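Asks: I'll drop the sequence and a predicted model, then ask my questions.
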Amino acid sequence: MLPYFPWKEFLVYLSILTMIVGNFTALWQDNLKRMLAYSSIAHAGYLLAALAVLSNNGLLAILIYFAIYMLMNLGAFLVVILIQNKIKSENIDDYNGLGYKLPFYGVCLGIFLVSLTGLPPTAGFIGKMYLFMALVEAKMIGLAVIALLNSVVSLYYYIRVLKHMYLMKGNEDKPNDMEAGFANKVLVLSLAAPILIFGIYFTPIVEWAKAALR
């Protein structure tokens with residue numbers, strides 16, 4: 001007979017550790033790619049929290065969260081790369097006033113970051129909602145509170161990027177004509193549009209997740 005291993009407790013502690021390490025490391029990053037990379041670790045912690053539920057509700061939350069996360073994380077990285085191609089920098093200080101010089105990229109990056117935080121009316125809110133519902137239904141209130149507090153921490157470093165883009169004076173030496181090309185606009189929009197659509201009308205993605213479980 002195999003010895004008993006406390007998988008649920010192991011997943012809970014691993015989830016907490018992953019969320020805390022990812023979010024608090026991302027908190028101190030000035031390089032946007034590194035910030036997004038460490039925030040990805042934190043999001044893995046949220047997925048582990050849903051896995052720790054060890055039920056169909058937890059698996060449903062994982063499928064919904066992962067599908068949405070794929071869109072918003074790919075979108076955020078893509079916009080950061082495209083902006084880097086324009087300004088030759090990934091440092092947050094070089095994003096000062098960039099929302100006015102690159103309005104399309106600025107708005108789309110804002111959508112992705114707000115969704116990564118888990119705020120309405122974006123799809124990221126739906127992913128977080130199903131995750132918290134699964135935790136509450138499993139009576140894992142403590143883990144739900146820790147996940148919520150970590151989401152508050154992530155709010156700071158995501159909103160910090162928007163503050164630099166829209167509330168801080170930009171570098172006057174940088175050219176004003178830095179608008180995105182048509183092909184890049186189509187690519188970014190193909191990732192940003194579902195974030196807003198599923199944030200309002202999320203039935204299709206929930207039904208897809210339920211069908212996948214069946």
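Replies: Sure, I can see it.

Asks: all contacts plus neighbour counts: C-alpha atoms, from now on.
Replies: Noted.

Asks: secondary structure element for the residue nearest in space to the middle of the chain?
Replies: Taking C-alpha atoms, centre = their mean, the centroid of the chain lies closest to Leu116, which sits 2.3 Å from it. Counting by DSSP states H and E, the element that carries Leu116 is helix 103-117.

Asks: how about Ile81?
Replies: Using DSSP H and E, Ile81 falls in helix 56-87.

Asks: for that helix, give the mean pLDDT please.
Replies: Mean pLDDT, helix 56-87: 93.

Asks: what angle sits between the helix holding Leu116 and helix 56-87?
Replies: Going by axes from the mean of the first three to the mean of the last three C-alpha atoms, to 10 degrees, helix 103-117 is angled at 150 degrees with respect to helix 56-87.

Asks: would you confirm that Asp93 contacts His164?
Replies: Yes: under the criterion of C-alpha atoms under 8 Å, Asp93 makes contact with His164 at 7.0 Å.

Asks: who has more neighbours, these two?
Replies: Each of Asp93 and His164 has its neighbours counted (other C-alpha atoms under 10 Å); His164 has more, 19 against 16.

Asks: from Tyr157, how far off is the more buried one?
Replies: 11 Å (C-alpha to C-alpha, to the nearest Å).

Asks: now for this structure, the helix or strand with the poorest mean pLDDT.
Replies: helix 98-101 (a mean of 88; mean pLDDT, DSSP states H and E).

Asks: for that one, output the C-alpha coordinates as PDB.
Replies: Extracted as PDB, the C-alpha positions of helix 98-101 are listed here (Å, rounded to 0.1, in the frame of the first residue of the first chain):
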ATOM      1  CA  LEU A  98       4.000  57.100 -24.400                       C
ATOM      2  CA  GLY A  99       0.300  56.700 -24.300                       C
ATOM      3  CA  TYR A 100      -0.100  59.900 -26.300                       C
ATOM      4  CA  LYS A 101       2.700  59.100 -28.800                       C
END
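
Asks: so which elements touch that helix?
Replies: helix 103-117, helix 141-166 (3 or more C-alpha pairs under 8 Å, 6 or more residues apart in numbering; DSSP states H and E).
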